[in-house]
Each structure stands twice: as structure tokens, then as C-alpha cells.
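> 3D model of this:
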Amino acid sequence: MRQLLSLALLCLVGCAARPASTCDDGRKGGQESDVDCGGPDCAPCPMAAACETDGDCGSGRCARRRCVPPACTDGVRNGDERDVDCGGACGGCAEGAACVTEVDCVSRGCSSGRCVAPTCADGRRNGAETGVDCGGATCAACPAGGGCARNADCAAGVCVDGVCSARCVAPLIECQGACLDPRHDRANCGACGLACPPDLACLAGTCGLSCPQATTRCGPYCVDTSADVFNCGACGMACAPGTRCVAGGCVPSCGAGQAFCQGECVTLATDSEHCGTCGVACAPGSVCRMGQCQSACLMPLVACSGACADLRYDPDNCNACGLACPMVANATRLCVMGMCTRSNCDPGFGDCNFIMSDGCEAALLTNPMNCGGCGRSCSMPQTCVNGVCQ
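Just a heads-up that it's a prediction; the model follows:
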């Protein structure tokens, strides 16, 4: 009878309702997880405040009983994410995921709040297209003025500097299906069909007796071998399709915003080996932005061993480059505000000695001294099976 009364008294004490949280008294009380925040009654807590569940934190993420920033790999939608771990600052979402704008989607297509596959009629350049709804392997070829990467992307003509142009690029003109230079062509001197007499050459579009200065006679033509694609550097040295003649040498037709440097087309605005000007290389640890060498990492990131790291939350560079947080047993090591800590214990394990260095050392499913929870010991000769004394 005395034992029954004791049990009833314990139940009355344990089952009593917890006092309501006031949320504005400057102290932790009621069901608050920290001072005036968290729990079912108060507003979510700020970063680094104490927490019990993800719902206690304004960031939506509770690790090692502390509110930590949202991450792009934490398996929940938080921060500025449009869907779970994607969109916003986390990068493009897959088709079918939630979105607000097209930049939230890998496909660059957002319709009715969902990422959709790119099509050749969605009014934007996406997928493999080289222009808006044209070019590439899936859409029709682009008209003149459309974007292109190669001649096949253009419905008619050729691809010049990333833009579909007429088949004959100035100063060439089309005469009877062929591209000719009216400045030097004796049969089409100045215009199609205007032929020069046999004893005269075509000089700058006019029939004359000799080649002017800075030009060379190649057969019946006077040509500038420093710029003529059919006689580049010397008579008869024709440049391959897609290249041009510059200073007597055939070079690739570089795209808009590019320059030909040391045998290749480069973007001077972003190329670290040719930043702003051919041959101007940025120092190690810096990058080229808008044609100027700048630090490779933007605040609050810093460069550590050639990579950008956030010293506040990087467990391999916690508070300083190279200062790695130690591995912990049965939990995940964390760096929170520049201090090493760990996540909650893995299922079935507990930190029963409260020593950080040995992690979650107690196996709660088999340890008779901590059976099902820290401090729950089994009586002799019982053993612990799946967290229950038997």
C-alpha cells in the first residue's frame, strides 16, 4: 500500500503542467529553450542560442543544442531556399522543384512556381540553345543576329563572333553564289560583274595599272596579305573557315568580349592569365574580375590552402586556416562561431560522461550502466538488450 501511495505521488508531481512562458521577462522559464525565445509559446531564437528542436531556431536548424545557420545540405528548406537545399543562394533546383524566378532552376525555366524543362518556345535562352529559342542540338537554327557557337547554329550564313551573320562577311560580297572581294577581284571590281580589262588590275575596287602601297599582286589581284583570308601572309595561303587573317596570320574568330592571346581566345574580363590585357597574370590566391586582379575570396570567406573557407563554420578551418576540429565518436564534428563542437549523438548512443573528446561513448542499446539512456543501470544479473534491461 505504501508503494502505491509513493507511485501516485510521483505521478502527480511529474504530470503537473509546466508553467507558461512569458517571453519577455529577461530570463529562461516555462518551455523556453533560451531566454525569452524558443518552445511552443515564444518567437524562434537567434543564432547560437540554446535549442531543443529545429523549430526553436529562427534559422530552422538546431545542432548540438545550439541554433546554427541554415546550410544547403541540411535536408530542410530554410534560409532563402525555394525548395529543400536548392534555389536562392544554394543554386539551381531540379525540374519539378519549387521556384520564384528562372535563376532558381538548373533549366532556367520557372512556370507556375515550379522548375520546368527548357523548350524551344519559352521566350528565353536556356538548355543547349545558343540564342533565344534557337540554335544548339535541339532547337531550329537561329536567324541573322541570333546567337551561335558554330555555323550549324545559323539558318543561313556563318557564325561570326558568336552572332549569325550573312554568308559573306564584309568586305566580301556574294556574286553568283560565291563570296568575292570587290576591292581586288578583276571579274567583279567594285561590284558583281564589273570586269577589268586583261592588262589592268582591280585596285581598291577600281581597275588600275599597278597595286597600291601595302598591297601585293597575287595572280590578277592586288591584296593586303596582312588581312586577306585567301592570301594571309603570302599569296595562296587561305585561312580555314571560322578563322580570320590578323597581321598576316590566321587566328580563330574570337567571341564577343574575347581577345586572341598566345594562340587562344580568352575573356580579358575574367581570365587570370590575361587579366584586362594579354599577358597580365594575376598572383596566386587572386582572381580576375572585370579585368582587374582581386582577392579570390569574398568576405566573410578567406583563402585556406587554395580554397575559400568560412572560419566561423568550417570544421576543417575553425577560427583559423588549418585548425581542424577533431573527429568525435558516434556524432558529427561541427564548427559554430569559430568554436569546435559536435552534433547530437547518433541514434543508439549517448554522451554520458560529458567529455567532448570521446564523443558519444555510451552504447545505449547494450550498455547495462546506461541502458536506454544515460544513468539507467540494470540490476544484477540483468543485461541490456535493445535499450531494455532483461
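> which non-adjacent residue is nearest Gln31?
Excluding its sequence neighbours, the residue lying closest to Gln31 (Cβ to Cβ, 6 or more residues apart in numbering) is Gly39, at 3.7 Å. No exception for glycine: its C-beta is placed from N, CA and C like everyone else's.
> can I assume Ser33 is in contact with Glu52?
Yes: using Cβ atoms under 8 Å, Ser33 is in contact with Glu52, at 5.1 Å.
> Pull up the overlap in contacts between those two.
Residues touching both Ser33 and Glu52 by Cβ atoms under 8 Å, 6 or more residues apart in numbering: Gly39.
> Pick out whichever of the two has more residues nearby.
Ser33 (23 against 15; other Cβ atoms under 10 Å).
> Now do the same for the closest residue to that one other than its chain neighbours: its pLDDT.
Spatially, and ignoring its direct neighbours in sequence, Ser33 is nearest to Asp56 (4.3 Å; Cβ to Cβ, 6+ apart). Per-residue confidence (pLDDT) for Asp56: 92.
> got the contact list for Asp56?
Neighbours of Asp56 in contact, by Cβ under 8 Å, 6+ apart: Ser33, Asp34, Cys37, Gly38, Gly39, Pro44, Cys45, Ala49, Cys62, Cys67.
> Tell me how many other residues crowd the fifth one.
As a burial measure, Gly39 scores 24 neighbours (other Cβ under 10 Å).
> same check, this time on the second one
Other residues within reach of Asp34, judged by other Cβ under 10 Å, total 21.
> so it bridges to which residues?
Judged by DSSP bridges, the bridge partners of Asp34 are Cys37.
> roughly how far apart are it and Ala170?
72 Å (Cβ to Cβ, to the nearest Å).
> mind listing the strands for the stretch 101-250 of the chain?
Along the stretch 101-250 of the chain, the segments classed as strands by DSSP state E, counting those that start in this stretch run 110-111, 114-115, 158-160, 163-165, 173-175, 178-180, 201-203, 206-208, 216-218, 221-223, 243-246, 249-252.
> can you put those strands in JSON lines and add mean neighbour count?
Formatted as JSON lines, those follow (neighbours: other Cβ atoms under 10 Å):
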{"stretch": "strand 110-111", "mean neighbour count": "17"}
{"stretch": "strand 114-115", "mean neighbour count": "20"}
{"stretch": "strand 158-160", "mean neighbour count": "20"}
{"stretch": "strand 163-165", "mean neighbour count": "20"}
{"stretch": "strand 173-175", "mean neighbour count": "15"}
{"stretch": "strand 178-180", "mean neighbour count": "15"}
{"stretch": "strand 201-203", "mean neighbour count": "22"}
{"stretch": "strand 206-208", "mean neighbour count": "15"}
{"stretch": "strand 216-218", "mean neighbour count": "15"}
{"stretch": "strand 221-223", "mean neighbour count": "23"}
{"stretch": "strand 243-246", "mean neighbour count": "17"}
{"stretch": "strand 249-252", "mean neighbour count": "16"}
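> where does this structure have low pLDDT?
1-21, 157, 177, 209, 220, 255-256, 285, 296, 306-307 (pLDDT under 70).
> show me the contacts for Asn78.
Counting by Cβ under 8 Å, 6+ apart, Asn78 has contacts Ser59, Gly60, Arg61, Pro70.
> The third one contacts Thr73, correct?
When you say that, I think you mean Arg61. No: the criterion here is Cβ under 8 Å, and Arg61 misses it with Thr73 at 11.0 Å.
> For Pro118, which non-adjacent residue is closest in space?
Pro118 sits nearest to Gly127 (Cβ to Cβ, 6+ apart), 3.5 Å away.
> burial measure for the one you found, as a count.
19.
> got the contact list for it?
Contacts of Gly127 (Cβ under 8 Å, 6+ apart): Ser107, Arg108, Ala117, Pro118, Gly136, Thr138, Cys139.
> ok, the residues you listed vs Pro252, which is closest?
Proximity of the contacts of Gly127 to Pro252 (Cβ to Cβ) peaks at Gly136, which lies at 20.4 Å.
> Please, a ChimeraX command that selects the buried ones among the contacts of Gly127?
Burial among the contacts of Gly127 is assessed by 16 or more other Cβ atoms under 10 Å; the matching ChimeraX selection reads:
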select :107,108,118,136,139
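> so how far is Ala170 from Leu200?
For Leu200, the distance to Ala170 - Cβ to Cβ - is 25 Å.
> which SS state does the closest residue to Gln258 other than its chain neighbours fall under?
Of all residues not flanking Gln258 in the chain, Cys265 sits nearest, at 4.6 Å (Cβ to Cβ, 6+ apart). Under DSSP: H, G, I helix; E, B strand; the rest coil, the three-state class of Cys265 is strand.
> show me what contacts Cys265?
By Cβ under 8 Å, 6+ apart, the contact set of Cys265 is Pro252, Cys254, Gly255, Gln258, Ala259.
> any idea which of those residues has the most stuff around it?
Result: Gln258 is most packed of those (other Cβ under 10 Å), 19 neighbours.
> List the beta-bridge partners for that one.
Here Gln258 shows beta-bridge partners Thr267, assigned using DSSP bridges.
> Repeat that for Ala63.
Where Ala63 sits in a bridge, its partners, by DSSP bridges, are Arg66.
> these two touch, right, it and Met337?
No: Ala63 is not in contact with Met337 according to Cβ under 8 Å; the separation is 11.9 Å.
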